[in-house]
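K.L.:
show me the folded form of this:
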Amino acid sequence: MNVERVVEQIVALPPDWHGAGSLKPGVLKAMARHGQGVDLRCTAETGSGKSSLLFSHLARRHLVFAMDDGNGSVRRVQDSPLLQSGVVEFIEGPTQQTLPTYDFSEPLQMVMLDGPHGYPFPHLEYYYVYPHLAEGGVLIVDDIDIPSIYDMYRFLKRDDMFALIEVVHTTAFFRRTAAPVFNPLADGWWLQGYNKRKKIVDWNPLSVATALVPRSIRKALLRRLGT
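P.N.:
Here you go, the predicted structure:
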């Protein structure tokens, strides 16, 4: 099936196609644009929905780490006639448990992070997938309007491994550069671009009290701190 036609059919599905919400049409079109003309041998995503249908037409093999949780996010995809059969592998369960134990057998050419959104779960997902993203591959981070995910977006913008391609609505698209993989078993925080910026917090007791403590109890706290 023609990808443009598939995108039209997926976009035509109702916004409440499943209970966990759906990607906006512009995001789906951007995914198709970045995926077409590229040999997507293996792709992956956390979360499931309209994106899963699209990935099944863009990639040779697609991994979905998700759980239905009663909202239809997995079952609706599995039952949809728009799902390309034989392409998608569903690894069901909390991504906090499934990703650490999954054996990635080949590099990933496109990854979408759209699983559980509470901190630190998107960051945990990133940790387990970033070493497998191939050079030139695309990392998609959804819902960057959530403050903790926006922090990750800001981090990635300054990281040597990634170059920002575009932001569509609240979804960011990054290109994996030729920079070496940051060692996932070491430290090296001082080597990361986000951490090379000038320190923005002065941690002396007076400044902490001034910045964080309500005026009504500031004097009592300062006396306790001995300042």
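K.L.:
alpha carbons only for contacts and neighbour counts from here, please
P.N.:
Will do.
K.L.:
outline the domain layout of this structure.
P.N.:
By the assignment in automatic domain parsing, the chain contains the domains 3-184, 197-227.
K.L.:
of those domains, which stretch is the most buried?
P.N.:
domain 3-184 (a mean of 18; mean count of other Cα atoms under 10 Å).
K.L.:
for that one, measure first residue to last.
P.N.:
36 Å (Cα to Cα, to the nearest Å).
K.L.:
and it, how far from the chain's centre?
P.N.:
Domain 3-184 sits 7 Å away from the centroid of its parent chain (Cα atoms, centre = their mean, to the nearest Å).
K.L.:
correct me, but Ser56 touches Leu83?
P.N.:
Yes - between Ser56 and Leu83 there is a contact at 6.2 Å, judged by Cα atoms under 8 Å.
K.L.:
as PDB, could you dump the C-alpha coordinates of stretch 33-47?
P.N.:
The C-alpha trace of stretch 33-47 is given here as PDB (Å, rounded to 0.1, in the frame of the first residue of the first chain):
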ATOM      1  CA  ARG A  33       8.500  12.000   5.600                       C
ATOM      2  CA  HIS A  34      11.500  11.000   7.700                       C
ATOM      3  CA  GLY A  35      10.900   7.300   7.200                       C
ATOM      4  CA  GLN A  36      10.300   7.200   3.400                       C
ATOM      5  CA  GLY A  37      13.300   6.500   1.200                       C
ATOM      6  CA  VAL A  38      15.300   5.100   4.100                       C
ATOM      7  CA  ASP A  39      16.000   1.400   4.700                       C
ATOM      8  CA  LEU A  40      14.300   1.000   8.000                       C
ATOM      9  CA  ARG A  41      15.400  -2.500   8.800                       C
ATOM     10  CA  CYS A  42      14.300  -2.400  12.400                       C
ATOM     11  CA  THR A  43      12.500   0.300  14.300                       C
ATOM     12  CA  ALA A  44      11.000   0.500  17.800                       C
ATOM     13  CA  GLU A  45       8.600   2.500  19.900                       C
ATOM     14  CA  THR A  46       7.400   2.700  23.500                       C
ATOM     15  CA  GLY A  47       3.600   3.100  23.600                       C
END
